[in-house]
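pasting the sequence and the predicted coordinates here, then a few questions.
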Amino acid sequence: MTRSLRLAKAILNGFDSFFGDFQNVTLGAQARFEKADWNLVQAEMSNRLSMYKKKVAEVAAVAETVAGDLLGDPQVWEHAKLDYADIVETHSNYEIAQTFFNSVYCFIFKHRKIRDKFSFVFDDDDLDIDIPPSKILDSYKISDLNKFVRTVLASTDFNVPFEDFERDVERVEEVLQPLLGERLQQGETFKAEILESLFYRNKAAYLVGRIIDGEDSMPFVLPFMNNERGGIYVDTVLHETDDVSILFSFTRSYFMVDASVPSQFVAFLKKLMPQKEVFELYSALGFARHAKTVFFRRAVWETMHSDDEYVTAPGIKGMVMLVFTRPGFDYVYKVIKDRFTPPKDMTRAQVEEKYFLVKRWDRAGRMADTQEFKNLVFDRRRFSDELMAELMREVPSQIEELGNVLILKHVYVERKMVPLNLYLKDASDQQIESVMDEYGNAIKQLAAVNIFPGDMLLKNFGVTRHGRVVFYDYDEICPLLECNFRKIPQPQTEEQEMASHPWYNVGPNDIFPEEFRLFFSGNQRARAVFDRLHSDIYKVEFWQRLQKQIRNGQIKSVFPYRRKYSFKRPRKKALAELQ
């Protein structure tokens, strides 16, 4: 056996070991949901996220032993790639296995010498998959709506009883009746395909499928909740593509779902959400590294098939990040500046730690996921003169030029959104009402998962195509429990009242919610709406109450759909705010 083949086999063994560990953690999701052990849910999510990096490091050490003094020999890796391609050709997860090979290679070569000759840079991800129904899908013929709903709910096979099975059957049937009932009464039939594995995330489980009407279909998603008293119930029915797309949003934590062949699940989900990117779906299933591979291939293809220049991203320039994009591209590139604009006082390492924290935290549907790249290669000729000058001025340490090749040493890629401050400029009264409610909900939902955004200026939030408000400036985030929320002391003398600077002591973690009104300077229309809907954010008691709940181990329910959809309507605004 050649050294290159031994190297290839060692890497594949490492991948299979990783995938087994990944699946084992995932398989425990149902039990954690049934026990309503929400703290363990969060701990295991964090544990699963750390598995990949640890396994890559372990396999790199094995590769060093196998390859010996030829570990850095390009010819060995060229042959190892060919051998690996042969042995994973029939592997059910060959595409993710290829990404694992890339990760080991990049770890060893420190993200240098990345060539398609040595790793799987440009291999296609074929999702034109014929999915055998018996593999991942349960199929149904719908001629009797009640019978269909009853059968689907019973198929979930929870080890905890339903809170009220008959009530839930009736509720689901009531939603489907206006959509299908009349045609069923006329003798028509429909088909349904339901993924056999439930999707678990945070405090909910989701049954995911579709109802087929000839060439057309509509999503059919049931969120299940645990009442924490030993009963399961259906919370709503999601049947609009946009609502399901929000459920699988890039702003949310990854699902745990028993998917032994993830590509088959991605192919099915793509049918439900045609506008959703393939890499976003892999990411939603927890395969973030492979999602990065798929994104890179897509970005390269798009760049090669367009003439757009890279330009500075619209909006107010950041103090910490330089942000650029292409006009026809749905994503932005973010590079940490060499020097931060005052009054920012932090280090590059601290900023990187903030982005790492976001990757591992419950994003509550309010923080954008990012893809992190080292030594990302661009065509220097595609950069506008203005952007190139800005790069040379702001991030010279992160640039390497080799002829027409421009290498950026460290880049974050994030979904492009309309900055909230720009959105508000041309917004109608109705749009302002909606987006400011969203802005307040975003702040509250982040706080509910122990995240304080820090800098809550409108420019640091973006508006998605669904009209949702998402936070994307992470350099000042911190756990809510680290904050000391205080009221501004009342001045005791005229000198104190007229002082231009605080006359009282301010600690590094002190925060004065009364000052949050300053975030609306210059936009009184927006402030008036916000004050009416979310003025509790200005009160110390609001924040201290949340801190107490978090310290007591209470984990808030943050729903990936509007609370008006819920069968169990919230009884007061305090609950509705977490929509």
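In hand now; what should we look at?

which helix or which strand is home to Tyr254?
Tyr254 is part of no helix or strand when elements are defined by DSSP states H and E.

where's it relative to Tyr200, distance?
Going from Tyr254 to Tyr200 by C-beta to C-beta, to the nearest Å gives 10 Å. Just so you know, the C-beta spots here come from the backbone N, C-alpha and C atoms, and that holds for glycine as well.

for these two, indicate the residue with more neighbours.
Neighbour totals were compared for Tyr254 and Tyr200, and Tyr200 leads with 22 against 19 (other C-beta atoms under 10 Å).

what residues does the residue lying closest to that one once chain neighbours are set aside make contact with?
In this structure, Tyr200 finds its nearest non-sequential neighbour in Ala29, 3.7 Å apart by C-beta to C-beta, 6 or more residues apart in numbering. Neighbour list for Ala29: Val41, Glu44, Tyr200, Ala205, Met256, Val257 [criterion: C-beta atoms under 8 Å, 6 or more residues apart in numbering].

contacting residues for the last one?
When the contact criterion is C-beta under 8 Å, 6+ apart, the partners of Val257 are Thr26, Ala29, Leu195, Ser197, Leu198, Phe199, Tyr200, Phe265, Leu285.

hmm, try it at 7 Å
By C-beta atoms under 7 Å, 6 or more residues apart in numbering, the contact list for Val257 reads Thr26, Ser197, Leu198, Phe199, Tyr200, Phe265, Leu285.

count the residues that sit near the closest residue to Gly440 other than its chain neighbours.
Spatial nearest neighbour of Gly440, excluding adjacent residues (C-beta to C-beta, 6+ apart): His534 at 3.2 Å. The local packing of His534 (other C-beta under 10 Å) involves 20 other residues.

what of Arg201?
By other C-beta under 10 Å, 23 other residues sit near Arg201.

wait, it touches Phe248, no?
No: with contact defined as C-beta atoms under 7 Å, Arg201 and Phe248 do not form a contacting pair (10.0 Å).

overlap in contacts, these two.
Contacts common to Arg201 and Phe248, judged by C-beta under 7 Å, 6+ apart, are absent.

and the residue nearest to Gly440, its phi and psi?
phi -140, psi 40 (degrees, to the nearest 10).

do you know how far it is from Ala97?
Relative to Ala97, His534 is positioned 48 Å away (C-beta to C-beta).

would you map out the domains in the chain?
Residue ranges for the domains of the chain, per automatic domain parsing: 3-109, 133-301, 306-416, 419-576.

quick one: closest of those to Asp116.
When those are compared by C-beta to C-beta, domain 3-109 sits nearest Asp116, at 8.8 Å.

starting at the chain centroid, how far to that closest one?
In terms of C-alpha atoms, centre = their mean, to the nearest Å, the centre of domain 3-109 is found 22 Å from the chain centre.

mind listing the strands for the stretch 51-200 of the chain?
137-142, 190-195, 199-201 (DSSP state E, counting those that start in this stretch).

and those strands as TSV, adding mean pLDDT and distance to Met367?
Output for these, formatted as TSV (pLDDT from 0 to 100; distance: least, C-beta to C-beta, whole Å):
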stretch	mean pLDDT	distance to Met367
strand 137-142	94	33
strand 190-195	96	27
strand 199-201	96	15
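
what about the closest residue to Val469 other than its chain neighbours, how many residues nearby?
Nearest non-adjacent residue to Val469, counting by C-beta to C-beta, 6+ apart: Glu438, 3.9 Å away. Using other C-beta under 10 Å, Glu438 has 22 other residues around it.
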